[in-house]
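Undergrad: Coordinates for the following, if possible.
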Amino acid sequence: PWSTMQINDVKSCAFDYWYDLFKDVTEESARLHEPQSEDSDDDCRPEFPEFEAKVSDAIAQLGGCVFPKLNWSAPKSSRSRVDLIDFNVFGQPTDSLLFSWTELEQVSTTEEIPQPVFRVQEDPSIRPNAFRQYSVPVDLIDIASGSDPRKMMDFVQA
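TA: Modelled structure (predicted):
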């Protein structure tokens, strides 16, 4: 049911593309183009004092309170690496074994543009422990659930 998003669809979402079309019905805005930074393996935080000054001036010209409208971007690291991202936006079901160790060891980090791999857990029977997300000590879980009456008695007598 999902349609495939094309490159032009993504570019159409860029602020520079649509702002002139809707300028009369949107908030007053200022366009600032960020300076290009060179990719490097240096862990030092880059600094852009001229750009920071432009941002401060634009905020002042717009009244001091602004809502940034940013284009979609995803910075790429200059290091060869693979990012494994596991997320579940709709609830608790998840599976930490969507990738086997063999598959992970065979992933190439030297490809220029690695192809993303998407996997979906569809087994409704997989449920993580409800208490794990809160990092509750096991003793408290036993007391709360009544699974260890001796611990409950120790707790009450203490």
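Undergrad: Start and end of stretch 31-47, how far apart?
TA: 20 Å (Cα to Cα, to the nearest Å).
Undergrad: quick one: residue 6 from residue 67, how far?
TA: 28 Å (Cβ to Cβ, to the nearest Å). All C-beta atoms are positioned from the backbone trio N, CA, C, and that covers glycine.
Undergrad: Helix or strand: which one has the residue lying closest to residue 119 once chain neighbours are set aside?
TA: Leaving aside its chain neighbours, residue 119 sits nearest to residue 98 (4.4 Å; criterion: Cβ to Cβ, 6 or more residues apart in numbering). For residue 98, there is no host helix or strand (DSSP states H and E).
Undergrad: is it true that residue 98 touches residue 118?
TA: No. Contact criterion Cβ atoms under 8 Å: residue 98 and residue 118 do not qualify, at 9.7 Å.
Undergrad: More neighbours: which of these two?
TA: Taking neighbours as other Cβ atoms under 10 Å, residue 98 and residue 118 compare with residue 98 leading, 14 against 5.
Undergrad: How many neighbouring residues does residue 154 have?
TA: Using other Cβ under 10 Å: residue 154 sits among 12 other residues.
Undergrad: quick one: low-confidence ranges for the protein?
TA: Along the chain, segments meeting pLDDT under 70 span 1-5, 37-43, 71-97, 99, 108-116, 120-137.
Undergrad: again, only using 80
TA: Along the chain, the parts satisfying pLDDT under 80 run over 1-7, 9-10, 13, 34-47, 67-149, 151-156, 158.
Undergrad: What is the subsequent helix or strand relative to the helix of greatest length in the chain?
TA: With secondary structure taken from DSSP state H, the chain has its longest helix at helix 49-61. Heading C-terminal from helix 49-61, the first helix or strand you meet, by DSSP H and E, is helix 101-106.
Undergrad: how about that next one as CSV, C-alpha atoms only?
TA: Output in CSV follows, covering the C-alpha atoms of helix 101-106 (Å, rounded to 0.1, in the frame of the first residue of the first chain):
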residue,chain,number,x,y,z
TRP,A,101,25.7,-12.7,13.5
THR,A,102,26.7,-14.3,10.2
GLU,A,103,24.8,-11.7,8.2
LEU,A,104,26.3,-8.9,10.3
GLU,A,105,29.9,-10.2,9.8
GLN,A,106,29.3,-10.2,6.0
